[in-house]
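>>> need coordinates for the below:
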Amino acid sequence: MTLFVSAIVPVFLIILYVYLKDKYEKEPKRILLLNFALGAFVSVIITTILYLLADAFLYPFNEPTLFEQFIKAFFIVALTEEFSKYVIVRFVAQTNKHFNEPFDGIMYAVMVSMGFAATENIMYVMNGGLGVALFRAFTAVPAHATFAILMGYFMGKAKFSKNRFRLNLTGLLLAIAFHGAYDFFLFIDFVPGIWIGAFVSLIVAVVLSHKAMKSHQKNSNFKPQ
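Alright, predicted model coming up:
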């Protein structure tokens, strides 16, 4: 039970933080929970299927080269995981009538991503223990949140734009780019000290995420004039 709680606490702290940032028109809790559950189960299933397909057809490399780790980070891990989250936000959240201001893109993307992160974190922590829980609470879990915020920022803009496809795609690609960069620097651990790049990319993503939330707060449809 201790490991389970330690795995999910950072997830719900992040959800609470972003929920409180949604200042002007809160989303229905049942819809938020639905998106969380879809992230925790459906996105994980989609990711697993895509992983299996990638292993079978797209990932024939066996040597730990920079090129192999680049392909793994960006096109195996980042692409499959972010796409699995994207399809939930795009076809469940973005089409919902409660998605009625740009910040909602961030809120729903975070719910889906944190659902995914909760399932992933539980598996890692149950196998690795409290040390893994502590480490991931300050790295992998907030990383998933920043990828979601950056994706959700553009998907929030897309909902109210004539360029919906372009903006949705921009959000997906940006999440993949930051996710891929974060993982790539961790995967090439045979290069001494290169792991610092992962934390640099995470810090940049955190700063951009903060700006994204501030921007959508400022431009809320429900902000008092």
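>>> please tell me how far Thr48 sits from Met123.
As judged by Cβ to Cβ, to the nearest Å, Thr48 and Met123 stand 12 Å apart. (Each C-beta comes from the backbone N, C-alpha and C, glycine too.)
>>> helix or strand with the lowest mean pLDDT in the protein?
helix 66-71 (a mean of 89; mean pLDDT, DSSP states H and E).
>>> chain neighbours aside, what residue packs nearest to Leu26?
Just to correct that, residue 26 is Lys rather than Leu. Tyr19 (7.3 Å; Cβ to Cβ, 6 or more residues apart in numbering).
>>> okay, the one you found and Asn168: tell me how far apart.
23 Å.
>>> try Leu50
Applying Cβ to Cβ to Leu50 and Asn168 gives a distance of 19 Å.
>>> neighbour count for the two, which is higher?
Asn168 (22 against 17; other Cβ atoms under 10 Å).
>>> mind listing what's buried in the host helix or strand of Thr48?
Element membership for Thr48 (DSSP states H and E) is helix 29-57. Under the neighbour-count criterion of 16 or more other Cβ atoms under 10 Å, helix 29-57 has 31-32, 34-36, 38-40, 42-44, 46-47, 50-51, 54 buried.
>>> please, where are all the helices along the protein?
2-21, 29-57, 66-71, 79-88, 103-128, 130-137, 140-159, 164-187, 196-218 (DSSP state H).
>>> mind telling me which of those helices the model trusts least?
Ranked by mean pLDDT, the helices of the chain end with helix 66-71 at the bottom, a mean of 89.
>>> now Ser161: closest residue in space, sequence neighbours ignored.
Using Cβ to Cβ, 6+ apart, the nearest residue to Ser161 is Leu167, at 5.7 Å.
>>> the one you found: neighbour count?
Neighbour number of Leu167 under other Cβ under 10 Å is 20.
>>> go on, Arg90?
Arg90 has 19 neighbouring residues, counting by other Cβ under 10 Å.
>>> which residues does it contact?
155, 168 (Cβ atoms under 8 Å, 6 or more residues apart in numbering).
>>> so how far is Thr48 from it?
Distance from Arg90 to Thr48, by Cβ to Cβ: 20 Å.
>>> could you do Tyr24 as well?
38 Å.
>>> kindly report the same for Phe154.
26 Å.
>>> contacts for stretch 142-152 next, please.
10, 14, 18, 82, 85-86, 89, 105-110, 112-114, 116-117, 120, 171-172, 174-175, 178-179, 182, 202, 205-206, 208-209, 212-213.
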